[in-house]
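In: 3D model of this:
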Amino acid sequence: MPGSSLKGKLLVARPSLLDPNFSRTVILLLEHGDDGALGVVLDRPSETPVGAALPGWTRLTAAPGVVFVGGPVAPGSALALALRGPGSALDGESFQPVVGALGALDLSLDPDALGSETEVRLFSGYSGWGAGQVEGELAEGSWIVADATEQDALTSRPGDLWRDVLRRQGGTTAWLAHAPGHPSEN
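Out: Numbers count the residues shown, from 1 in each chain. Next up is the predicted model:
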């Protein structure tokens, strides 16, 4: 895997990954290269309504309309993913594609200027890795790499995402979706 980017892929925590920051998480990698990686946890909704954090974005927010915890790095920062609707004017300055029509969105944009068909998910913080760190964690067996879909980032059922992604992998990987929450529960 040296030299190949995992941008746009999912990192799915193996049941044996017990770090509370990442246990049973699904992370979408927004960037991955020689200098490291950056992603957001897709299945950790907070209890903070988007309207309380960034009120102008409420009408575009995918259900549930809360800010998600993107990871342990820079928890006060805000990141956004958006699904461009047909005929969207989002371009390379304001929108960086990640998977299909899903990409990272510049939050300095006026949300009222975006089409009503645009769906947005907001994140507080992100997950980051230094050079070679993701590769090391993959070699340790901490993560499963999976293909992402646009809807993974916007699911209205984030509590089911970890199991759903594992199940769609098929074979023995799908069995992991039924692993107990802690090895002592086995």
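
In: Torsion angles phi and psi at Phe123?
Out: Taking degrees, to the nearest 10, you get phi -130, psi 140 for the backbone angles of Phe123.

In: Kindly indicate whether Leu30 is helix, strand or coil.
Out: Assigned state for Leu30: strand (three-state reduction, DSSP: H, G, I helix; E, B strand; the rest coil).

In: Relative to Ala113, how far out is it?
Out: Distance of Leu30 to Ala113, given as CB to CB, to the nearest Å: 23 Å. Bear in mind the C-beta positions are built from the backbone N, C-alpha and C, glycine included.

In: Tell me which of these two has more neighbours.
Out: Per other CB atoms under 10 Å, whichever of Leu30 and Ala113 has more neighbours is Leu30, with 22 against 10.

In: What's the separation between that one and Val99?
Out: Leu30 is 10 Å from Val99, by CB to CB.

In: tell me the helices in this protein, going along the chain?
Out: In the chain, the segments counted as helices under DSSP state H are 50-53, 133-140, 161-169, 171-175.

In: looking at those helices, which is buried most?
Out: Most buried of these, by mean neighbour count (mean count of other CB atoms under 10 Å): helix 161-169, with a mean of 19.

In: who does that helix touch, helix- and strand-wise?
Out: With contacts taken as 3 or more CB pairs under 8 Å, 6 or more residues apart in numbering; DSSP states H and E, helix 161-169 sits against strand 9-13, strand 26-33, strand 143-147, helix 171-175.

In: ok, 6 Å please
Out: Counting contacts by 3 or more CB pairs under 6 Å, 6 or more residues apart in numbering; DSSP states H and E, helix 161-169 packs against strand 26-33.

In: List the buried residues of the strand it packs on.
Out: Across strand 26-33, burial judged by 16 or more other CB atoms under 10 Å covers 26-32.

In: got those residues as CSV, with distance to Leu166 and pLDDT columns?
Out: Converted to CSV, the buried residues of strand 26-33 look like this (distance: CB to CB, whole Å; pLDDT from 0 to 100):
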residue, distance to Leu166, pLDDT
Val26, 9, 98
Ile27, 14, 98
Leu28, 15, 98
Leu29, 17, 98
Leu30, 21, 98
Glu31, 24, 97
His32, 21, 98
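
In: ok, which pair from these is furthest apart?
Out: Taking CB to CB as the measure, these reach their widest spread between Val26 and Glu31, a distance of 16.9 Å.

In: how close does the nearest residue to Asn21 once chain neighbours are set aside sit to Ala53?
Out: Nearest non-adjacent residue to Asn21, counting by CB to CB, 6 or more residues apart in numbering: Pro72, 4.7 Å away. As judged by CB to CB, Pro72 and Ala53 stand 18 Å apart.
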